[in-house]
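S.K.: Sharing a model that was predicted from the sequence below.
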Amino acid sequence: MSKQLTAGDFIEARCTRCKAVTNHTIIALVGTVPVRVRCNTCDGDHNYRAPKVKSAPKATTAKTRQPGTPRKPKAIQQDAEQWQQIATQLQSGQAVAYNMDRSFKVKEAVSHPIFGVGIVVEIFPPNKVEILFEAGRKLLRCKQ
Ligand SMILES: [Zn+2]
């Protein structure tokens, strides 16, 4: 991180409109400190706010689930409903072909040669992805 920032550079910052840390383009700096940035997501200009470092998602273990944990009937029901939703998406041809050399994002629609169409529900680093298919959840290999 020795590179000096200049106007036009990309930087991560907290956006009040998006209520998230998003990519921003630097508009103005004081010295080497960005003061004014434009959110690349909502296109809004605002003062630069450094992303919070200490509240990284990794610190909380609340939502951490081991791959292959047995699922409750209610959860399976929700899975079925979720799958129905992507089945609709699929008709517009948004699913990408599954490939273990590929990386995935949560909620991405995926089409698999055996399981058919599914949606990415969880990523298990470094190289596992859980995809919800019509037949249920499958843990598949992927690239980080
Ligand atoms: Zn924004």
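M.R.: That came through, no problem.
S.K.: So residue 38 sits against residue 28, correct?
M.R.: No. Using CB atoms under 8 Å, residue 38 makes no contact with residue 28, being 10.1 Å away. For the C-beta atoms, the positions are set from N, CA and C on the backbone; glycine is no exception.
S.K.: Neighbour count for the two, which is higher?
M.R.: residue 38 (17 against 12; other CB atoms under 10 Å).
S.K.: which residues does the more buried one contact?
M.R.: Residues in contact with residue 38 (CB atoms under 8 Å, 6 or more residues apart in numbering) are 24-25, 27, 44-45.
S.K.: what about it, which helix or strand?
M.R.: Residue 38 belongs to strand 33-39 when elements are defined using DSSP states H and E.
S.K.: What is the distance between that strand and the centre of its chain?
M.R.: 24 Å (CA atoms, centre = their mean, to the nearest Å).
S.K.: repeat for stretch 24-43
M.R.: 23 Å.
S.K.: and it, average pLDDT?
M.R.: On average, the pLDDT along stretch 24-43 is 94.
S.K.: Can you point out the buried residues in that stretch?
M.R.: 24-26, 29, 34, 37-39 (16 or more other CB atoms under 10 Å).
S.K.: Specify the beta-bridge partners of the closest residue to residue 7 other than its chain neighbours.
M.R.: Distance criterion CB to CB, 6 or more residues apart in numbering; nearest residue to residue 7, sequence neighbours excluded, is residue 26 at 5.3 Å. Counting by DSSP bridges, residue 26 forms beta bridges with residue 37.
S.K.: Then the one 4 residues further on?
M.R.: Beta-bridge pairing of residue 30 under DSSP bridges involves residue 33.
S.K.: returning to that earlier point: may I have the strands that pair with the next helix or strand along the chain from the strand holding residue 38, each with its orientation?
M.R.: Under the assignment DSSP H and E, the closest C-terminal helix or strand after strand 33-39 is strand 45-47. With DSSP bridges as the test, strand 45-47 is paired with strand 33-39 (antiparallel).
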